[in-house]
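Enquirer: Fold the stuff below for me.
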Amino acid sequence: MALARIKTWVAGDTLTAADLNAEINNLLNNPISLISPTTGAINFQTSVLHTNLIPSAISGTTGAAGQPLTLTGGGVTVWGNLLSSGISASSAGAGSFLTASTAVTPLTLWSTSLTVFGTPQGITIGTTLQTGLAGGDIGIGVTNALRGVNNAGTNYVSLIAHSTNNDEVYLSPNGSAIRVGVANTTMGSSGITSTLGTIGGSGPATAGQSAWLQIVSSTGGNFWIPIWQ
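Expert: Numbering: from 1, shown residues only. As a prediction, this is how the structure comes out:
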């Protein structure tokens with residue numbers, strides 16, 4: 001507390017209106033000095049909604065630009081490092097400074113295998129390998145996949161993954177139909193018939209058709225592309 005009394009009273013002093021007004025005005029005109037710096041911890045009741053706290057009201061003598069407040073393993077709040085590895089926000093544990101609200105969950109980090117690197121920042125998930133990645137890239141581990149929530153909202157559908165077979169790009173690993181967003185092109189009317197190429201070389205080894213490749217068009221209809229093996 002930095003606010004000092006105006007007059008030290010002793011027994012026998014006469015309290016005048018001027019003295020009383022001066023003491024009260026000292027409190028009214030210097031409310032921040034009355035409590036700052038504090039001589040003890042301030043307890044904000046969790047049952048009371050505190051509003052209008054602007055970000056500029058929070059300052060730190062040891063914090064650096066871009067650092068958020070983070071909770072240490074010992075339950076101590078310190079200035080942390082937002083762009084770092086080992087981010088965990090599933091609970092208020094060591095290193096967790098991004099948490100999801102029960103009402104709005106725009107970001108959920110539940111794995112400690114997220115690494116942010118570079119300038120501008122890239123992200124690796126499930127791996128710490130950064131070779132071959134540039135800033136702004138996203139790299140995933142060998143066994144990981146990019147997934148989307150299914151229509152029922154009960155599970156995930158794999159969209160694209162990495163196949164360990166000759167480093168192939170794996171589309172729809174779970175076997176869901178692949179739909180293209182580009183509309184079909186109407187066939188021409190020139191009357192010229194297209195011809196298929198010959199087998200052999202680096203292409204198919206046999207002349208017989210092997211199977212059909214199913215593709216869902218932009219309108220939702222199934223189309224079948226003949227394939228040879």
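Enquirer: what about the strands in the protein?
Expert: Assigned strands in the chain, in chain order: 69-71, 77-79, 114-117, 122-125, 138-140, 145-149, 156-163, 168-171, 211-216, 222-227 (criterion: DSSP state E).
Enquirer: and the gap between Gly141 and Thr164?
Expert: With the distance defined as C-beta to C-beta, to the nearest Å, Gly141 ends up 11 Å from Thr164. In this view, the C-beta of every residue, glycine as well, is placed from N, C-alpha and C.
Enquirer: next one: Glu23
Expert: Taken as C-beta to C-beta, the span from Glu23 to Thr164 is 79 Å.
Enquirer: and those two? which has more neighbours close in?
Expert: The residue with more neighbours, out of Glu23 and Thr164, is Glu23; 14 against 10, by other C-beta atoms under 10 Å.
Enquirer: Give me the neighbour count for the closest residue to that one other than its chain neighbours.
Expert: Take Glu23 and drop its neighbours on the chain: the residue closest to it by C-beta to C-beta, 6 or more residues apart in numbering is Ile6, 5.7 Å away. The number of residues packed near Ile6 is 10, by other C-beta under 10 Å.
Enquirer: TSV please, covering the strands of the chain and showing mean pLDDT.
Expert: Putting the strands of the chain into TSV (pLDDT from 0 to 100) gives the following:
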stretch	mean pLDDT
strand 69-71	71
strand 77-79	73
strand 114-117	65
strand 122-125	80
strand 138-140	85
strand 145-149	89
strand 156-163	89
strand 168-171	89
strand 211-216	91
strand 222-227	90
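Enquirer: nearest to Gly188, of these?
Expert: strand 222-227 (17.9 Å; C-beta to C-beta).
Enquirer: In this structure Ser158 contacts Val149, no?
Expert: No - with contact defined as C-beta atoms under 8 Å, Ser158 does not reach Val149; the gap is 11.7 Å.
Enquirer: neighbour count winner among these two?
Expert: Neighbours were counted for Ser158 and for Val149 using other C-beta under 10 Å; Ser158 has more, 17 against 10.
Enquirer: now the helices for the protein?
Expert: 17-29, 31-35 (DSSP state H).
Enquirer: Any idea how far apart the tips of stretch 130-145 sit?
Expert: 17 Å (C-alpha to C-alpha, to the nearest Å).
Enquirer: gap between that stretch and the chain center?
Expert: 16 Å (C-alpha atoms, centre = their mean, to the nearest Å).
Enquirer: Tell me the buried residues in it?
Expert: 139-140, 144-145 (16 or more other C-beta atoms under 10 Å).
Enquirer: now stretch 149-164
Expert: Buried residues in stretch 149-164 (16+ other C-beta under 10 Å): 158-159, 161-162.
Enquirer: Let me know the closest of those residues to Phe223.
Expert: Taking those together and measuring to Phe223 by C-beta to C-beta, the closest member is Leu159, at 20.1 Å.
Enquirer: Report how many residues lie close to the nearest residue to Leu27 once chain neighbours are set aside.
Expert: Leaving out its chain neighbours, the residue that sits closest to Leu27 by C-beta to C-beta, 6+ apart is Leu34, at 6.3 Å. Neighbour count for Leu34, taken as other C-beta under 10 Å: 12.
Enquirer: Next one: Leu34, what pLDDT does it get?
Expert: pLDDT for Leu34: 86.
Enquirer: Could you verify my assumption that it touches Ala4?
Expert: No - judged on C-beta under 8 Å, Leu34 makes no contact with Ala4 at a distance of 10.5 Å.
Enquirer: Mean pLDDT per element in the chain, and the minimum belongs to which helix or strand?
Expert: strand 114-117 (a mean of 65; mean pLDDT, DSSP states H and E).
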